[in-house]
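*Asks:* curious how this folds, go ahead:
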Amino acid sequence: MKLYRNPKSGHCHRVELMMSLLDVPYETVDLDMANGAHKAPEYLAISPFGQVPAIDDDGTTLSDSNGILIYLVSKYGDDAQWLGKDALEKAQVQRWLSVAAGEIAAGPCAARLVTVFGANFDHEAVMAKAHDLFEIIDAALNKKTFLVAERLTIADIAGYSYIAHAPEGGVSLYRYPNIRAWLSRIEAEPKFVAMAKSPIPEGA
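*Replies:* The predicted structure is shown next:
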């Protein structure tokens, strides 16, 4: 399987982490996005919005990180384990996927886009959104091992990358002990793979 990525993208890392946890063999194709490789016609045929990540699984192509997570566990994993064992778990997993695409993207992801990639967002505003979100997540993880169940689900995989690397966007995790413990549990998984690190701004 080919994974088209930017090695510093949390969206790409969540897919890479999932493939590693599932023991899916893959090769990475790093796109030169600064020079427009993600807008080339051959890449747009795989990812019509010109976004990373995208995969090519023996001719089956797919983009959108959360969609790829569902594809991977449905084809190579155990649906019940990763997507939910009953109606409530499935609904809770979907809720956290929505948070990953919504509040995480608008908060810690956006803050990191400013510091790592020079994105033109109001840095103070997106950092504030990140802290508001982390207050909620830290409370949700009180006395819980993972976000949905006492095991990893794709909810945890979708949330991990941008939360773990939030300090690179100037968002400290110091105030969130439950989040830090949750990140450590994910990182302790035997098949865990890390994302490339970027400098942490002073004071984060």
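*Asks:* what's the weakest-modelled helix or strand in this structure?
*Replies:* Using mean pLDDT, DSSP states H and E, helix 41-44 stands out as the lowest-scoring helix or strand of the chain, at a mean of 92.
*Asks:* now do the following helix or strand past that helix, average pLDDT.
*Replies:* With elements assigned by DSSP states H and E, the helix or strand that comes after helix 41-44 is strand 54-57. Strand 54-57 carries an average pLDDT of 97.
*Asks:* gap between strand 54-57 and the chain center?
*Replies:* 17 Å (C-alpha atoms, centre = their mean, to the nearest Å).
*Asks:* kindly report the same for stretch 32-45.
*Replies:* Relative to where its chain is centred, stretch 32-45 has its mean C-alpha point 22 Å off (C-alpha atoms, centre = their mean).
*Asks:* quick one: contacts of that stretch?
*Replies:* Stretch 32-45 has contacts (C-beta atoms under 8 Å, 6 or more residues apart in numbering) with 4, 6, 31, 47, 50-52, 54, 61. C-beta coordinates here come from the backbone N, C-alpha and C atoms, glycine included.
*Asks:* apply 6 Å and report the result again.
*Replies:* 6, 31, 50 (C-beta atoms under 6 Å, 6 or more residues apart in numbering).
*Asks:* buried ones among these?
*Replies:* For the contacts of stretch 32-45, a neighbour count by 16 or more other C-beta atoms under 10 Å gives the buried set as 6, 31, 50.
*Asks:* from residue 8, how far out is the second one?
*Replies:* Residue 31 sits 12 Å away from residue 8, going by C-beta to C-beta, to the nearest Å.
*Asks:* likewise for residue 124?
*Replies:* 23 Å.
*Asks:* quick one, which of these two is more surrounded?
*Replies:* Between residue 124 and residue 8, counted using other C-beta atoms under 10 Å, the more crowded position is residue 8 (17 against 11).
*Asks:* list the contacts for that one?
*Replies:* So residue 8 contacts residue 196 (C-beta under 6 Å, 6+ apart).
*Asks:* and what of the one 5 residues further on?
*Replies:* Under the criterion of C-beta under 6 Å, 6+ apart, the contact list for residue 13 reads 161, 195.
*Asks:* just say helix, strand or coil for it.
*Replies:* helix (DSSP: H, G, I helix; E, B strand; the rest coil).
*Asks:* for residue 2, see how far away residue 104 is.
*Replies:* 26 Å.
*Asks:* between these two, point out the one with more neighbours.
*Replies:* Higher neighbour count among residue 104 and residue 2: residue 104, with 26 against 15, using other C-beta under 10 Å.
*Asks:* not counting sequence-adjacent ones, nearest residue to the more buried one?
*Replies:* Computed as C-beta to C-beta, 6 or more residues apart in numbering, the closest residue to residue 104 that is not its neighbour in sequence is residue 162, at 5.3 Å.
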